[in-house]
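Q: here is my input; please provide its structure:
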Amino acid sequence: MAAIDGSRLLDQSYHDELLLRDRDTPLVFQCHHGVRSQHAAEYFREQGFRNLYNLRGGIDAWSVLVDPSVPRY
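A: Numbers count the residues shown, from 1 in each chain. Prediction:
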């Protein structure tokens, strides 16, 4: 329903691709409200990644605070 330009769905294929990357690769996770994306960031921290970010408030907050053209749902 809503997406931030440049974002990608974290499906199994992309998950596997990320695990092959350098552990200093910056990764930003986002979901609807920021809870599931926090779990994803924690998982990747456990895999050795060090440059991790979670979009606090998720795409809903992004729509309200940054880009109102992103639909809210």
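Q: and the residue nearest the centre of the chain, how far from Leu55?
A: The residue lying closest to the centre of the chain (C-alpha atoms, centre = their mean) is Phe29, at 1.4 Å. In this view, Phe29 and Leu55 are 7 Å apart by C-beta to C-beta, to the nearest Å. C-beta: built from backbone N, CA, C; applies to glycine.
Q: give me the common contacts of these two.
A: The overlap between the contact sets of Phe29 and Leu55 (C-beta atoms under 8 Å, 6 or more residues apart in numbering) consists of Ser37.
Q: rewinding a little: in what helix or strand does the nearest residue to the residue nearest to the centre of the chain once chain neighbours are set aside lie?
A: The spatially closest residue to Phe29, leaving aside those adjacent along the chain, is Ser37, at 3.7 Å (C-beta to C-beta, 6 or more residues apart in numbering). Ser37 belongs to helix 35-46 when elements are defined using DSSP states H and E.
Q: which elements pack onto that helix?
A: Applying 3 or more C-beta pairs under 8 Å, 6 or more residues apart in numbering; DSSP states H and E, one finds that helix 35-46 contacts strand 27-29, strand 52-54.
Q: now these in TSV, with mean pLDDT?
A: Shown next, in TSV, are these (pLDDT from 0 to 100):
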stretch	mean pLDDT
strand 27-29	97
strand 52-54	97
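Q: of those, which approaches Pro68 most closely?
A: Proximity to Pro68 (C-beta to C-beta) singles out strand 27-29 among the helices and strands packed on helix 35-46, at 20.1 Å.
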